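A.B. asks: coordinates only, sequence not included:
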């Protein structure tokens, strides 16, 4: 008998999938060791396996379970919490090659896809059939739909149209013992048994490996987008405008905030011609048609002005709307150019947005760190981005203090430590404090019930 | 030592809650033995306890768990699947007295309520603040919000606005050992840990007793209701119209079907002046404002006419809209007057509605039973109602065969055995067949993880 670590692992895996899709060279192990979260720890995997089917994924998980090896599932590795970071004694199971769009059902408005399909590829494929998949994380051009489901990804459209969970009707899942189950349904409604689909969504690969998804869709037509933008003299005045929109009972199709640090970073990089003097930009969208849309846009513009917004204007030209929202989507990569970014994902009650933004500024000053802010402000979902210069260990230590302080403030204001990125590795402490002992015990008992050996993505999520 | 069954149970319970709220007389035990499902089995409880607080519910569950007694939670007992039916050696734990509306938060658009609040009381309370709670089961005037959550209730508005789960942000839950947990959040988004709130919703009291709920709300304003009605020469032609609406990419605010048996029953009872010659009525609603609403109503009317609808008209008068939808809501109680009703709750793909309706008619003929049809047709959620004369055992046997045959046809067409009523006791066989062995094992392992002694609502749901 040999111990598991001395097994000729690549040979074993090469009997389960084509050997060309078993990677064990150092460069591959390094590349698949972590996602896009700075700061989260990782250990190189024993091997990376790129599967092409549910059957292959099942065989790899069954093999790993039998051999006492851990499995870390992975899509495109664009996560920002370390949820796909590899751990000791693990195989990274990559779903990135499973990119088939299996069925677009126009009558029932659903699509069946493999998990490696890029969010934007899905959007474009269903758009050809007059259908729309709303959840649009900022990573929509690079993140996979399987990863979106595993983290219950949000995005800009969520303020009106909901998050990934709201669109996942059903899925094929490889469980921790390698068995394959079909969860959920393809009908508009259904309450047969526990909602295991919802349990899997957002479980960060700790309960199963998603190998196929059925996603509900909306009609693409029937919306007319109008953008309303405004520049605000301070973060908090922009926050006041956000709270006022909520108070007015308006549900915009988007309500995003970008602060001056982000605006400068994007413009320096991409030269979009954004005004450099502005402090904070609010970008709103409404998508009601005709006079209803006009009235809503007018109301939003009035709210922006009443809250101190200047340069308030309405963009109805599609290219201009696109350009402004492009700045929002480019904010994260633009800031990454400045140094390692420690990304917060707090979500507070909408009315607490001004107070939370004020506390973030105070925290930045107290700990002498640069904190840029982008936010799905209409959801109260803020992304304070803590940036430190490469190699500055003292700054790193201060950044960690600032991170924890922001989490504490968020919880004190009735918020949650992660709105859409997931707990992963970065938010374990905050999540534990938020959930409390008895709810954590529920998590542990469910995890143990479905994965008694702890095979799937150990150490993540709670 | 005495065995649990010889304990002076009422005395014990009377130390946990005021003795006036511990019921053990025969009439009370009978009244609390079952919900509104015909046909589902039940056994009288040992006692009924009406709790007034989370603490009381916790103490009763902890006591029962310690004494080896089962607990069957109950709201108003309006369920149609036997989910609240009492079982051997159980206490019925009624939440009906917990009727407080704890907080209406206008800025954040949520309401915090106790579980015994009647759905319509909730609607009226939040309407005073300009807010709207969309899920509207036909029982909305008599069913509790706790029961709605435990069954993930649907309703007429769901075709556009989603089901109960989509509005439950968080809850207080008494677990099987009597411990109390807070699940979920009050923010617009949040992905901290597993979605245990979604797991509880629709779990039919088998995983916990919901003692408080935080529900998200929509603005009440901004909608203008227009009704479109049409009479069809047959069930299947009405079904074709439903499928055509879906194909056209329209998401109506309601799309209900009522067949001739229901129409006659309602009119005979309430004298609403409905036309007796009609076969099947389709009732649609759109709620977009202004010209957008007008155009959608025109399109729906045209689709109805193209599918063979006659007497197609548009009701814009609120009272007329209300009267027509009242007929839909009264259909179930009207039919109950004709004899015990065995209620199906199948949900099929929208495009399969015509075929499913045809098969239901064939089943009625084959088994010589009366089957009336009401349906949330726009969701593909059909309620074939099998009616037998009181005391006709032969008809009861035929009805049971028809019930199973309809379930089989539904599953053959890609449907699910319960769209919104829950599995309860009536649909256990169908649910088992639909879920399959491995998914059932997941249910069992989760149930065992959270309720190892099987205290909560044993035998229900899967």
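C.D. replies: Arrived safely, thanks for sending. This one's a predicted model, so the numbers in the text were calculated from it and none came from an experiment.
A.B. asks: drop to CA atoms for contacts and neighbour counts, all remaining ones
C.D. replies: OK.
A.B. asks: buried residues, the lowest-mean-pLDDT helix or strand in chain A. List them.
C.D. replies: Least confident helix or strand of chain A, by mean pLDDT, DSSP states H and E, is helix A:318-336 with a mean of 84. Buried residues in helix A:318-336, counted by 16 or more other Cα atoms under 10 Å in any protein chain shown: A:321, A:324-325, A:327-332, A:334-336.
A.B. asks: figure out how far that helix is from the centre of its chain.
C.D. replies: Relative to the mean C-alpha coordinate of its chain, helix A:318-336 is positioned 17 Å out (Cα atoms, centre = their mean, to the nearest Å).
A.B. asks: could you see whether chain B lies near the next helix-or-strand element following it?
C.D. replies: Counting by DSSP states H and E, the next helix or strand C-terminal to helix A:318-336 is strand A:341-343. No: on the criterion Cα under 8 Å from any Cα of the partner chain, strand A:341-343 is out of touch with chain B, staying 15.3 Å away.
A.B. asks: helices or strands up against strand A:341-343?
C.D. replies: strand A:381-387 (3 or more Cα pairs under 8 Å, 6 or more residues apart in numbering or on different chains; DSSP states H and E).
A.B. asks: which outside residues touch the strand it packs on?
C.D. replies: Here strand A:381-387 makes contact (Cα atoms under 8 Å, 6 or more residues apart in numbering or on different chains) with A:335, A:338-348, A:360, A:369-376, A:399, A:403, A:419, B:189.
A.B. asks: do you know how far residue A:234 is from residue A:282?
C.D. replies: From residue A:234 across to residue A:282, the span is 11 Å (Cα to Cα, to the nearest Å).
A.B. asks: of those two, which one has the most company?
C.D. replies: Per other Cα atoms under 10 Å in any protein chain shown, whichever of residue A:234 and residue A:282 has more neighbours is residue A:282, with 27 against 19.
A.B. asks: not counting its neighbours along the chain, what's nearest that one?
C.D. replies: Nearest in space to residue A:282, with sequence neighbours left out and distances taken as Cα to Cα, 6 or more residues apart in numbering or on different chains, is residue A:257 at 4.6 Å.
A.B. asks: helices of the stretch 201-350 of chain A, start to end?
C.D. replies: Per DSSP state H, counting those that start in this stretch, the stretch 201-350 of chain A carries helices over the ranges A:235-247, A:260-270, A:290-306, A:318-336.
A.B. asks: wait, I meant the stretch 51-200 of chain A
C.D. replies: With DSSP H, counting those that start in this stretch as the definition, the stretch 51-200 of chain A shows helices at residue ranges A:54-67, A:119-127, A:145-151, A:158-161, A:196-200.
A.B. asks: is there proximity between the last one and chain B?
C.D. replies: Yes: Helix A:196-200 lies within reach of chain B by Cα under 8 Å from any Cα, at A:196, A:198-200.
A.B. asks: tell me which residues in stretch A:269-282 are buried?
C.D. replies: Within stretch A:269-282, the residues scored as buried using 16+ other Cα under 10 Å are A:274, A:278-282.
A.B. asks: picking that back up, the least confident helix or strand of chain A - contacts with which helices or strands?
C.D. replies: Checked by 3+ Cα pairs under 8 Å, 6+ apart, helix A:318-336 has helix A:260-270 packed alongside it.
A.B. asks: and the angle from the helix it packs on to helix A:318-336?
C.D. replies: 100 degrees (axes from the mean of the first three to the mean of the last three Cα atoms, to 10 degrees).
A.B. asks: could you give the mean pLDDT of helix A:260-270?
C.D. replies: For helix A:260-270, mean pLDDT rounds to 89.
A.B. asks: and if you look at stretch A:418-425?
C.D. replies: The pLDDT scores in stretch A:418-425 average 95.
A.B. asks: then stretch A:106-113?
C.D. replies: For stretch A:106-113, the mean per-residue pLDDT is 95.
A.B. asks: start and end of it, how far apart?
C.D. replies: 14 Å.
A.B. asks: now do stretch A:156-172
C.D. replies: Rule used - Cα to Cα; the end-to-end distance of stretch A:156-172 is 27 Å.
A.B. asks: now swap in stretch A:123-133 and tell me
C.D. replies: One end of stretch A:123-133 to the other measures 6 Å (Cα to Cα).
A.B. asks: buried sites along it?
C.D. replies: Buried residues in stretch A:123-133, counted by 16+ other Cα under 10 Å: A:123, A:125-126, A:130-133.
A.B. asks: could you dump the residues you listed to CSV with distance to residue B:113 and pLDDT?
C.D. replies: As requested, the buried residues of stretch A:123-133 are arranged in CSV below (distance: Cα to Cα, whole Å; pLDDT from 0 to 100):
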residue, distance to residue B:113, pLDDT
A:123, 38, 98
A:125, 43, 98
A:126, 40, 98
A:130, 40, 95
A:131, 37, 96
A:132, 35, 97
A:133, 33, 98
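A.B. asks: now do the longest helix that chain A contains: which elements does it pack against?
C.D. replies: Identified as the longest helix of chain A according to DSSP state H is helix A:428-450. For helix A:428-450, the packing partners by 3+ Cα pairs under 8 Å, 6+ apart come out as helix A:393-412, strand B:180-184, helix B:428-450.
A.B. asks: what angle sits between it and strand B:180-184?
C.D. replies: Using the same axes, to 10 degrees: helix A:428-450 against strand B:180-184 is 110 degrees.
A.B. asks: in helix A:428-450, which of the residues would be classed as buried?
C.D. replies: Across helix A:428-450, burial judged by 16+ other Cα under 10 Å covers A:428, A:430-432, A:434-435, A:439-440, A:442-450.
A.B. asks: go on, stretch A:218-230?
C.D. replies: So, applying 16+ other Cα under 10 Å, buried residues of stretch A:218-230: A:218-220, A:225-230.
A.B. asks: and residue A:46, how far from residue A:24?
C.D. replies: Between residue A:46 and residue A:24 the distance is 7 Å, computed by Cα to Cα.
A.B. asks: okay, the two: which has more neighbours?
C.D. replies: More neighbours surround residue A:46 than the other of residue A:46 and residue A:24, with 23 against 16 (other Cα under 10 Å).
A.B. asks: thought that one was touching residue A:93?
C.D. replies: No: in this structure, residue A:46 is not within contact of residue A:93 by Cα atoms under 8 Å, at 11.0 Å.
A.B. asks: residue A:291 - how many residues pack around it?
C.D. replies: 13.
A.B. asks: not counting residues beside it along the chain, what's closest to it?
C.D. replies: Excluding the flanking residues, the one nearest residue A:291 by Cα to Cα, 6+ apart is residue B:290, at 7.5 Å.
A.B. asks: how about residue A:80?
C.D. replies: Take residue A:80 and drop its neighbours on the chain: the residue closest to it by Cα to Cα, 6+ apart is residue A:37, 4.1 Å away.
A.B. asks: list the contacts for the one you found?
C.D. replies: A:78-82, A:342-343.
A.B. asks: now the two most distant members of those residues.
C.D. replies: A:78 and A:342 (14.1 Å; Cα to Cα).
A.B. asks: who has more neighbours out of these two?
C.D. replies: residue A:342 (24 against 21).
A.B. asks: re the thing from before, you'd agree the residue nearest to residue A:291 is up against residue A:293?
C.D. replies: No: the criterion here is Cα under 8 Å, and residue B:290 misses it with residue A:293 at 10.6 Å.
A.B. asks: okay, the two: which has more neighbours?
C.D. replies: Neighbour comparison, residue B:290 and residue A:293: the larger count goes to residue A:293, with 19 against 14 (by other Cα under 10 Å).
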